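A.B. asks: could you look at this predicted model? Sequence included:
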Amino acid sequence: MKELVVIGAGFAGQGVVNQLRKNKNFHITIIDKNNFISYKPLFPDVAAGRLAPEIIEYPLGQYAKSKKIDFISGRVSSINTNSCEIHINNSKIAYDYLVIATGVETAFHGFDHFRKYAYTIDSLEECKRLQHDLQIKLYSDTESIKVSIIGGGYTGIETATHIRQTIVRHKKKHNITVIEAQDRILKGMPEWIQNKAVKHLQRSNIEVLTNAGVTDITGTAVHLGKQVIPADIIIWSAGMQGTDVASFFSSLTRHKRIDVDNYLRPDGLENVFIAGDASSLYRMSVPIAKQYAEYAASSIVLLEKQAVPPPFKAKDYGYIIALADHRGIGKLGILPVDGLFGYLFHYFMCGLSLLGWKNKWRLLTSILSNMIYGKESAAPIRTAEKKTLEGVNNE
């Protein structure tokens, strides 16, 4: 029986496990720094308080038990591709085949000190923290909430519209600004999608600043050279990069994603595969990550049979940007999508991918409640915190 180790329990990591878990030729171990699986496409909804965090998380131990595989929680400290060993938690794990599916994380582009003042949307813990602090402001006597979102990609745009909707439903005024360093938001997407997104933001009274480079961030403002934008909440969503695991390989892109050949192999290694967003071969996408996983799994099976895998070629099925106010903009294949159908399709696909029937059901009821009654499913802040705020407000 061969040892297969998968590092990362996201879409690609799960995909490899799902493909090979019934194959008796492999003993599978999955490694992740977290103890739970979280569903990243719904992070903007959690951050804005539209969804309760527990809807999009699933215990990794329970997942591993259901798949009859081993799970190790911890951070990989090094990988020796010569001896085929992984160092983690002061121990060594040998492998015959290794799949790296560690995804990406927020890139601060050398401005790491901004982390002190800015929220990110790349982990569930950060989204919980943002949701909590936003609710504190919603339940205070503040009349207007100022939010600056740095980065005009799809995560930044979704987060901006969701937060705006939450603030409006609490009968507060808002001053939301999306700050983009390039000349257009949603750079790289078709112009018609960019234009529709800009118009939607303008109708929602969300300001968009382009060609705007951030020079500094403090606890109360974003600095664009001499221009200062006051902010109660600052969110950094200005790009992604590979994780620390990527540094164990020699060839990386400037965004620290791992360079691979047409067989998803790095550094000429025949028994190591890079799957999901960690790979530089295609754009970052959930459907493509799942295709990476299917290919890596099938290649491992073929290699065991001493056969040669075909080159990897992904199909791009498109994407949808889920804006608040029940609108989704994007494309499915070559077909343009705009409106309620795109919005519903986005959450339908999210529901299919969520782990656990309870989570699927809660997502369905939460989205319907949000659409029909305008309610968020996230629990409000605790009564003690409300009383504290009331005491401060009455002084």
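C.D. replies: Cool, got the structure. Residues are numbered from 1 along each chain as shown.
A.B. asks: for stretch 235-248, which positions count as buried?
C.D. replies: Neighbour counts over stretch 235-248 (16 or more other Cβ atoms under 10 Å) mark 235-238, 240-243, 245-246, 248 as buried. To be clear about C-beta, it is placed using only N, CA and C from the backbone, and glycine gets the same treatment.
A.B. asks: kindly report the same for stretch 317-334.
C.D. replies: With burial defined by 16+ other Cβ under 10 Å, the residues of stretch 317-334 counted as buried are 319-324, 327-331.
A.B. asks: spatially, which two of the buried residues of stretch 235-248 are the most separated?
C.D. replies: When the buried residues of stretch 235-248 are compared pair by pair using Cβ to Cβ, the two farthest from each other are I235 and F248, 30.4 Å apart.
A.B. asks: and the furthest pair within the buried residues of stretch 317-334?
C.D. replies: So for the buried residues of stretch 317-334, where distance means Cβ to Cβ, the most widely separated pair is A324 and K331, at 19.9 Å.
A.B. asks: now for the closest residue to Y317 other than its chain neighbours: which residues touch it?
C.D. replies: Of all residues not flanking Y317 in the chain, P287 sits nearest, at 4.7 Å (Cβ to Cβ, 6 or more residues apart in numbering). P287 sits next to 315-317 when contact means Cβ atoms under 8 Å, 6 or more residues apart in numbering.
A.B. asks: circling back to that earlier point, mind checking which of the buried residues of stretch 317-334 land in helices?
C.D. replies: Using DSSP state H, no member of the buried residues of stretch 317-334 sits in helices.
A.B. asks: nearest to G219, of those?
C.D. replies: Among these, A324 lies closest to G219 (Cβ to Cβ), at 27.0 Å.
A.B. asks: pretty sure the closest one contacts R164?
C.D. replies: Yes. With contact taken as Cβ atoms under 8 Å, A324 and R164 are classed as touching, separated by 6.6 Å.
A.B. asks: show me where the stretch 1-150 of the chain dips below the pLDDT cut-off.
C.D. replies: When the per-residue scores of the stretch 1-150 of the chain are filtered using pLDDT under 70, no range remains.
A.B. asks: helices along that one, start to end?
C.D. replies: Listed in chain order, the helices found in the stretch 1-150 of the chain under DSSP state H, counting those that start in this stretch are 11-20, 43-47, 60-67, 124-138.
A.B. asks: by contact count, what packs against the first one?
C.D. replies: Packed against helix 11-20 by the contact rule (3 or more Cβ pairs under 8 Å, 6 or more residues apart in numbering; DSSP states H and E) you find strand 2-7, strand 26-32, helix 60-67, strand 97-100, helix 286-304.
A.B. asks: only the buried residues of the third one, if you could.
C.D. replies: Neighbour-count burial for helix 60-67 flags 60, 63-64, 67 (criterion: 16+ other Cβ under 10 Å).
A.B. asks: show me what it is packed up against.
C.D. replies: For helix 60-67, the packing partners by 3+ Cβ pairs under 8 Å, 6+ apart come out as helix 11-20, strand 26-32, strand 36-38, strand 70-73.
A.B. asks: how near is the residue nearest to Y317 to D133?
C.D. replies: In this structure, P287 and D133 are 33 Å apart, going by Cβ to Cβ, to the nearest Å.
A.B. asks: tell me where the stretch 201-350 of the chain has helices.
C.D. replies: If you assign secondary structure with DSSP H, counting those that start in this stretch, the helices in the stretch 201-350 of the chain sit at 286-304, 340-353.
A.B. asks: could the ones you listed go into TSV alongside mean pLDDT?
C.D. replies: As requested, the helices of the stretch 201-350 of the chain are arranged in TSV below (pLDDT from 0 to 100):
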stretch	mean pLDDT
helix 286-304	97
helix 340-353	96
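A.B. asks: hey, which of the ones you listed is tucked in deepest?
C.D. replies: Ranked by mean neighbour count under mean count of other Cβ atoms under 10 Å, the helices of the stretch 201-350 of the chain are led by helix 286-304, which reaches a mean of 21.
A.B. asks: what is the orientation angle of that one with strand 2-7?
C.D. replies: Here helix 286-304 runs at 160 degrees with respect to strand 2-7, directions being taken by axes from the mean of the first three to the mean of the last three Cα atoms, to 10 degrees.
A.B. asks: H162: what secondary structure?
C.D. replies: helix (DSSP: H, G, I helix; E, B strand; the rest coil).
A.B. asks: what's the spacing between it and V286?
C.D. replies: The gap separating H162 from V286 is 19 Å, by Cβ to Cβ.
A.B. asks: quick one on the thing from earlier: nearest to Y295, of the helices and strands packed on helix 60-67?
C.D. replies: Comparing the helices and strands packed on helix 60-67 against Y295 with Cβ to Cβ, the closest turns out to be helix 11-20 (9.5 Å).
A.B. asks: now the angle from the closest one to helix 60-67?
C.D. replies: Using the same axes, to 10 degrees, the direction of helix 11-20 lies 20 degrees away from that of helix 60-67.
A.B. asks: so for helix 11-20, what gets flagged as buried?
C.D. replies: So for helix 11-20, counting by 16+ other Cβ under 10 Å, buried means 11-17, 19-20.
A.B. asks: just stretch 83-102 next, same as before
C.D. replies: Across stretch 83-102, burial judged by 16+ other Cβ under 10 Å covers 84-86, 88, 93, 95-102.
A.B. asks: end to end, how far does it reach?
C.D. replies: From the first residue to the last, stretch 83-102 extends over 21 Å; the measure is Cα to Cα, to the nearest Å.
A.B. asks: now stretch 313-322
C.D. replies: This stretch, stretch 313-322, spans 27 Å end to end (Cα to Cα).
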